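[1] structure, please.
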Amino acid sequence: MTTAAVPTADSTVPAAAPERKHRWWQVMCLTGVDYFSTLGYQPGIAALAAGLLSPIATLVLVALTLLGALPVYRRVAEESPHGEGSIAMLERLLSFWRGKLFVLVLLGFAATDFTITMTLSAADGAAHLIENPHIPSGWQDHQLIVTLVLLALLAAVFLRGFGEAIGIAVVLVAVYLSLNVVVLVVGVVKVLQHPGVLSDWHAGLVTEHGSVPAMVGVALLVFPKLALGMSGFETGVAVMPQIRGAAGDTEARPAGRIRGAKRLLTAAAITMSVFLIASSWVTTLLIPEDEFASGGSANGRALAYLAHLYLGGGFGTAYDASTILILWFAGASAMAGMLNLIPRYLPRYGMAPEWAGATRPLVLIIAAVAFAITWLFDADVDAQGGAYATGVLVLMSSAAVAVTLAARRAGQRRRTWAFAVVTAIFAYTTVNNVVERPDGVKIAACFIAAIIGVSLVSRVARSFELRITDVELDEKAARFARDCSRRRLRLVANEPDNRGETEYQEKMRQIAADNDLVNEGDILFVEVTVTDPSDFEGTLRVAGTVVAGHRRVLRVEAPSVPNALAALLLHLRDVTGVAPHIYFEWTEGSPITNLLRFWFIGVGEVAPTTREILRRAEPDRSRRPHVHVG
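    Numbering: from 1, shown residues only. Alright, predicted model coming up:
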């Protein structure tokens, strides 16, 4: 999983998509540095997981890829054409705090996916490096150190800044796939020249499993261990903003970009499926089983083993170099994904410290986590496969859920059932993988706990910030403000009930008595209706209306009452040049309870909270709006 562009070292916000767009096949290469690079280790992991059944289990994986994952993500491309992906779809479908918490959980699994992509790719790159015959044999005992060096180089590049990636990705993918084609063609020729290996393979299958139904059944059970071969779909959606659209595209409906994304996803899936089938078949037939095991020459580098064996040291070294580069670049893509994913969601929720939008601190934190995971797994490619598959499968399962809900909302019954079946398959695959290899869930749980913990602390710490990005008055509200500001701009905060004349008359009587107001003229009532209290920031739209023929009311919808009132008061001061006065009544109940209500449902003790937000937003007391409480 990755994103389209990589932020520069000096950026403090997510990197904006570059103006220049590219053809879909060029953008596919950016997906490919993550997706296609799994060929470096996938055949070896498949052989360890399924043994002689690796080709059959791979066929099951390919069937799920083409008939399940591909239709799901083609629908995600339609629903999320600006690169937000399935997480954003679920965010839209699930509102309030349950939606936010669900997104935070998914971000934990996405962080697992990204981080393990970095550590697994670096570990496999190190394996290709130290297993090369031209490298001193003493290096083989230091794979952990070599892996950490590769990760450190990756972090150093991002600390200095990392520019446009597509041009590099096109070259890397073209060279890497071309070398793989050569290796696989040579492998197929060797199999055809020695038909005995095919008969030996068949005999081994019959001996181990007895019958074809038994083979298929076992393949269905073990194929979840191969699931990391589907790792590129979320990436394909994330890079959509880089795709050149059609002349008639609009921001709301970029039809050309969507068509390009669907071509990208389809071409990548078909290409990878062909390579997966061919590589699993050739490596299983031509490489002795014990070479796949830990310490074996084909462990984590099955195709490189064949390249050296059949094409010589020169070609094998070129293959190793190409593999190391594309694996390292897959780690760069994962790093970029983290740098764009965290600022995309957490600051918008108010759930990240201010430094979370800066690149350098995030690079250092991500690198530190990657170092810890590499040390925890001792840079073992096979050991990290389960954790990687867990992150991939959870994201795919969430995407399947998202498109199922979207199809249901659109009234598409057949597609709803079809996507529900795919969801069930992904759910089974995910659960199976978690039961067999729980490392991924353990790592994801750590990420989730850290994200939720930091998020909630940050949300509370930032709760008194002025979170309204813009205030828009309609024509009537603007006229009310102009008329009243000619004398004194006074507002009364009212919690709306039935909005009848009696309600406003009683409210005005109470405010006048509490604050000893003599002149009740030129009073504006202001009413805030809480929308989604889990939202942190947004635009405030103010509508003016007249009730009972003479009561002027400003009506606002916002996630937080105190924040909306503070933003409105500051805006009225700026547009009229008059410091407004606002009148409250004290809220009944425990102040602690009211504070918790403010944090989580946007209401509570409104008066002191509004005053505190104003105090922080406007340090000059002479320009600060006046707050009166009776």
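
[2] can you name the element that comes right after the strand or helix carrying Arg479?
    Following DSSP states H and E, one finds Arg479 within helix 475-485. Counting by DSSP H and E, the next helix or strand C-terminal to helix 475-485 is strand 490-493.

[3] starting at the chain centroid, how far to that following strand?
    Mean C-alpha position of strand 490-493 versus that of the full chain (CA atoms, centre = their mean, to the nearest Å) differs by 43 Å.

[4] quick check: what element follows it along the chain?
    helix 501-515.

[5] helices and strands around that next one, which ones?
    strand 490-493, strand 523-530, strand 551-558, strand 581-584 (3 or more CB pairs under 8 Å, 6 or more residues apart in numbering; DSSP states H and E). Every residue, glycine included, has its C-beta placed from N, CA and C.

[6] and of those, who's closest to Thr429?
    Smallest distance to Thr429 across the helices and strands packed on helix 501-515 (CB to CB): 40.7 Å, for strand 523-530.

[7] which helices and strands does the closest one pack with?
    Packing partners of strand 523-530 (3+ CB pairs under 8 Å, 6+ apart): helix 475-485, strand 490-493, helix 501-515, strand 551-558, helix 561-576.

[8] quick check: angle from the next helix or strand after it to helix 561-576?
    Moving toward the C-terminus from strand 523-530, the next helix or strand (DSSP H and E) is strand 538-547. Here strand 538-547 points in a direction 80 degrees away from that of helix 561-576 (axes from the mean of the first three to the mean of the last three CA atoms, to 10 degrees).

[9] what angle sits between strand 538-547 and helix 501-515?
    Per the same axes, to 10 degrees, the angle that strand 538-547 makes with helix 501-515 is 110 degrees.

[10] what angle sits between strand 538-547 and strand 551-558?
    If you take the same axes, to 10 degrees, strand 538-547 sits at 160 degrees to strand 551-558.

[11] now strand 538-547: average pLDDT?
    Strand 538-547 comes out with an average pLDDT of 85.

[12] which other residues reach it?
    With CB atoms under 8 Å, 6 or more residues apart in numbering as the test, strand 538-547 has contacts from 467-480, 499-501, 504, 525, 552-559, 564, 567-568, 571.

[13] paired strands for that strand, with orientation please.
    Partners of strand 538-547 in the sheet, by DSSP bridges, are strand 468-473 (parallel), strand 551-558 (antiparallel).

[14] for the ones you listed, which one ends up most surrounded?
    Counting by mean count of other CB atoms under 10 Å, strand 551-558 has the highest mean neighbour count of the strands paired with strand 538-547, with a mean of 21.

[15] what strand or helix carries Gln384?
    According to DSSP H and E, Gln384 maps onto helix 381-409.

[16] now that helix: buried residues?
    Neighbour-count burial for helix 381-409, counted by 16 or more other CB atoms under 10 Å, picks out 381-408.

[17] still on that earlier bit, for the helix holding Arg479, name the packing helices and strands.
    Using 3+ CB pairs under 8 Å, 6+ apart: helix 475-485 touches strand 523-530, strand 538-547, strand 551-558, helix 561-576.

[18] dump these into TSV; add distance to Leu101 as well.
    Formatted as TSV, the helices and strands packed on helix 475-485 follow (distance: least, CB to CB, whole Å):
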stretch	distance to Leu101
strand 523-530	19
strand 538-547	19
strand 551-558	21
helix 561-576	21
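
[19] does Glu251 count as helix, strand or coil?
    Counting by DSSP: H, G, I helix; E, B strand; the rest coil, the backbone at Glu251 sits in coil.

[20] who touches it in this structure?
    Contacts of Glu251 by CB under 8 Å, 6+ apart: none found.

[21] at 10 Å instead, please
    By CB atoms under 10 Å, 6 or more residues apart in numbering, the contact list for Glu251 reads 81-82.

[22] could you check how far it is from Leu327?
    Distance from Glu251 to Leu327, counting by CB to CB, to the nearest Å: 36 Å.

[23] about what we covered before: for Leu179, which of the helices and strands packed on helix 475-485 is the nearest?
    Checking the helices and strands packed on helix 475-485 against Leu179 by CB to CB gives strand 538-547 as the closest, at 50.5 Å.

[24] the closest one to helix 475-485, inter-axis angle?
    Going by the same axes, to 10 degrees, strand 538-547 makes 80 degrees with helix 475-485.

[25] how far does strand 538-547 sit from its chain's centre?
    For strand 538-547, the separation from the chain centroid amounts to 34 Å (computed by CA atoms, centre = their mean).

[26] and what of stretch 112-125?
    With CA atoms, centre = their mean as the basis, stretch 112-125 stands 17 Å off its chain's centre.

[27] export that stretch as PDB, just CAs?
    Extracted C-alpha coordinates of stretch 112-125, given in PDB (Å, rounded to 0.1, in the frame of the first residue of the first chain):
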ATOM      1  CA  THR A 112       1.000  -2.500  10.200                       C
ATOM      2  CA  ASP A 113       0.800  -3.000   6.400                       C
ATOM      3  CA  PHE A 114       3.000   0.000   5.700                       C
ATOM      4  CA  THR A 115       5.600  -0.800   8.400                       C
ATOM      5  CA  ILE A 116       5.900  -4.500   7.600                       C
ATOM      6  CA  THR A 117       6.200  -3.500   3.900                       C
ATOM      7  CA  MET A 118       9.300  -1.500   4.800                       C
ATOM      8  CA  THR A 119      10.800  -4.100   7.100                       C
ATOM      9  CA  LEU A 120      10.000  -7.100   5.000                       C
ATOM     10  CA  SER A 121      11.200  -5.500   1.800                       C
ATOM     11  CA  ALA A 122      14.400  -4.300   3.500                       C
ATOM     12  CA  ALA A 123      15.000  -7.800   5.000                       C
ATOM     13  CA  ASP A 124      14.500  -9.500   1.600                       C
ATOM     14  CA  GLY A 125      16.700  -6.900  -0.100                       C
END
